[in-house]
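Colleague: sequence and predicted structure are below.
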Amino acid sequence: MKNKETIRVAIAETSVIIRSGLTMVLKRLPNLKIQPVELLSAESLHDCLRTQYPDILIVNPSFEGYFDVAKFREENAGKEIRLIALVTSFVDNSLLSKYDDSFSIFDDMEDIAKKISDLSDQNQEKEDEEGNQDSLSQREKEIVVCVVKGMTNKEIAETLFLSIHTVMTHRRNIGKKLQIHSVAGLTIYAIVNKLVSLNEVKNL
């Protein structure tokens, strides 16, 4: 990876043994800071995506019967979530081709680390490309929403698993791109661009 930012990885797997085992492996991967989240049902996956989407989703293709990759990508368009198929039994290669990558329960730690690092770097490159445009990157939009909700830099850093320095850098970039330097201005921007609803702002 190009930096030491935490990679948010969600694991959608019904088997507690496989899910917990993979979580332990991810925490022990060298040179990677990973924040794993275990998801045991479609409902927990939905809640995760609603509150804070992961950078990478590791999912068993047979999760909850069948994991519909096309539907997932359509519902989460623009979020740049990378999908890794977690192969625990025989899976048709045509099914695996829909994912960004795959690994099996027999892969070693080095293979897993490389695949996660490569996918995370692709996300960072995409974010950097977006950062060169006038529009905000997905991460910057997340930070705008946090600011509008009245969160401090420390709270934003803890919520998004970033360093305070990174949050401050993003906030400076947001100000430069939008030429908006007040919370009130960002609130209007967030409402107009549908990052938050009017009701959310009223309830603050």
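Modeller: Noted; the coordinates are in hand.

Colleague: okay, and for the protein, where does confidence drop off?
Modeller: Within the chain, the stretches with pLDDT under 70 are 1-4, 122-134, 202-204.

Colleague: where along it do the strands fall?
Modeller: 7-12, 34-39, 56-59, 82-87, 101-104 (DSSP state E).

Colleague: okay, those strands in a markdown table with distance to residue 18 and mean neighbour count next?
Modeller: From N, CA and C alone the C-beta is placed, and that goes for glycine too. Converted to a markdown table, those look like this (distance: least, CB to CB, whole Å; neighbours: other CB atoms under 10 Å):
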| stretch | distance to residue 18 | mean neighbour count |
| --- | --- | --- |
| strand 7-12 | 9 | 23 |
| strand 34-39 | 10 | 18 |
| strand 56-59 | 10 | 25 |
| strand 82-87 | 8 | 22 |
| strand 101-104 | 11 | 16 |
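
Colleague: between those strands, which one is nearest to residue 114?
Modeller: Nearest to residue 114 among those is strand 101-104; the distance by CB to CB comes to 9.7 Å.

Colleague: chain center to the closest one: distance?
Modeller: 18 Å (CA atoms, centre = their mean, to the nearest Å).

Colleague: in JSON lines, list the strands of the chain along with distance to residue 200.
Modeller: Output for the strands of the chain, formatted as JSON lines (distance: least, CB to CB, whole Å):
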{"stretch": "strand 7-12", "distance to residue 200": "23"}
{"stretch": "strand 34-39", "distance to residue 200": "24"}
{"stretch": "strand 56-59", "distance to residue 200": "26"}
{"stretch": "strand 82-87", "distance to residue 200": "28"}
{"stretch": "strand 101-104", "distance to residue 200": "36"}
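
Colleague: which one of the ones you listed lies closest to residue 201?
Modeller: Using CB to CB, the strands of the chain put strand 7-12 closest to residue 201, at 26.1 Å.

Colleague: helices of this protein, start to end?
Modeller: All helices of the chain, identified by DSSP state H, fall at 16-27, 42-51, 69-75, 93-96, 109-131, 138-148, 153-160, 164-178, 183-192, 198-202.

Colleague: quick check: residue 6 touching residue 33?
Modeller: Yes - the criterion here is CB atoms under 8 Å, and residue 6 meets it with residue 33 at 4.6 Å.

Colleague: start and end of stretch 172-187, how far apart?
Modeller: Distance across stretch 172-187, first residue to last, is 16 Å (CA to CA, to the nearest Å).
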